[in-house]
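Colleague: Take this sequence and fold it.
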Amino acid sequence: TLRRLVAAGAKGAILDLPSSDGEAVAADLGVAFVPCDVTDPGQVEGAVDAAVDALGGLDACVNAAGVAPAHRVVTRDGTMFPLDLFEFAIKVNLIGVFDVTRHAARVMAGNEPGPDGERGVVVHVESIAALEGPQECVEEMLGEFTKRRQFVRQRIADIEGISCPEMAGAFYAFVNVKAH
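Modeller: The predicted model follows:
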């Protein structure tokens, strides 16, 4: 995303772990690099402020932080998903992303409004990890979900005087009880 923005003439800054390849990517793109661990609120505030100083302002935040630890809740041998790994994913994907968003919004709230009243934009792209990560367990979960959805629909439809249309997508049952 940043490559396209820079190619179109935008300035940018990469906020990433000091151990990441962010500094090399930033150098390649000619943008600022600010080391930051999004699970540390103090680092987030300082990094956003450092990025604003380097850029001379902030008009957009493309929030792409995200981790996707793949593990079953319980494996066939009884091994449970490590709770510390889940906590880490929540710290990065929810709390860290929100923290960056709120600090970017804090800065952009001070911008002069654009023609439609906008002062900046925040874009979240972290969900791509769900599409690019391991998919084996997703297919199995989808199959089980579909079986359960069909089971519920059929049981509702078996009740005399009540109809339930075929469900597609999310697990919502819309029941017609007019005839009951």
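Colleague: what ranges of this structure fall below the confidence cut-off?
Modeller: The chain contains residues with pLDDT under 70 at 126-138, 141, 162-180.
Colleague: let's see 80
Modeller: Applying pLDDT under 80 to the chain flags residues 1, 65-66, 68, 70, 125-180.
Colleague: In the chain, what residue spans correspond to strands?
Modeller: For the chain, strands defined by DSSP state E occupy the ranges 13-16, 32-35, 60-63, 121-124.
Colleague: In TSV: those strands, plus distance to residue 25 and mean neighbour count.
Modeller: From N, CA and C alone the C-beta is placed, and that goes for glycine too. As requested, these are exported to TSV (distance: least, CB to CB, whole Å; neighbours: other CB atoms under 10 Å):
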stretch	distance to residue 25	mean neighbour count
strand 13-16	6	22
strand 32-35	8	20
strand 60-63	14	17
strand 121-124	18	13
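Colleague: ok, what's across the strand from residue 122?
Modeller: Bridge pairing for residue 122 (DSSP bridges) gives the partners residue 61.
Colleague: quick one: contacts for it?
Modeller: By CB atoms under 8 Å, 6 or more residues apart in numbering, the contact list for residue 122 reads 60-61, 63, 101, 104-105, 108.
Colleague: returning to that earlier point: can you put the strands of the chain in CSV and add distance to residue 112?
Modeller: Listed next are these as CSV, based on distance: least, CB to CB, whole Å:
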stretch, distance to residue 112
strand 13-16, 21
strand 32-35, 23
strand 60-63, 15
strand 121-124, 15
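Colleague: who wins for proximity to residue 82 among the ones you listed?
Modeller: strand 13-16 (24.1 Å; CB to CB).
Colleague: tell me what that closest one is packed against?
Modeller: Strand 13-16 makes packing contacts with helix 22-29, strand 32-35, helix 41-55 when contacts are defined by 3 or more CB pairs under 8 Å, 6 or more residues apart in numbering; DSSP states H and E.
Colleague: could these go into TSV alongside distance to residue 160?
Modeller: What follows is the helices and strands packed on strand 13-16, written out as TSV (distance: least, CB to CB, whole Å):
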stretch	distance to residue 160
helix 22-29	63
strand 32-35	65
helix 41-55	58
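Colleague: Which one, of those, ends up nearest to residue 87?
Modeller: Nearest to residue 87, of these and by CB to CB, is helix 41-55 at 15.6 Å.
Colleague: Just the buried positions in the closest one, please.
Modeller: By 16 or more other CB atoms under 10 Å, the buried positions in helix 41-55 come out as 43-45, 47-48, 50-52.
Colleague: Residue 143: which of the residues you listed is nearest?
Modeller: Using CB to CB, the buried residues of helix 41-55 come closest to residue 143 at residue 44, 39.6 Å.
Colleague: For that closest one, which non-adjacent residue is spatially closest?
Modeller: Nearest non-adjacent residue to residue 44, counting by CB to CB, 6 or more residues apart in numbering: residue 99, 4.6 Å away.
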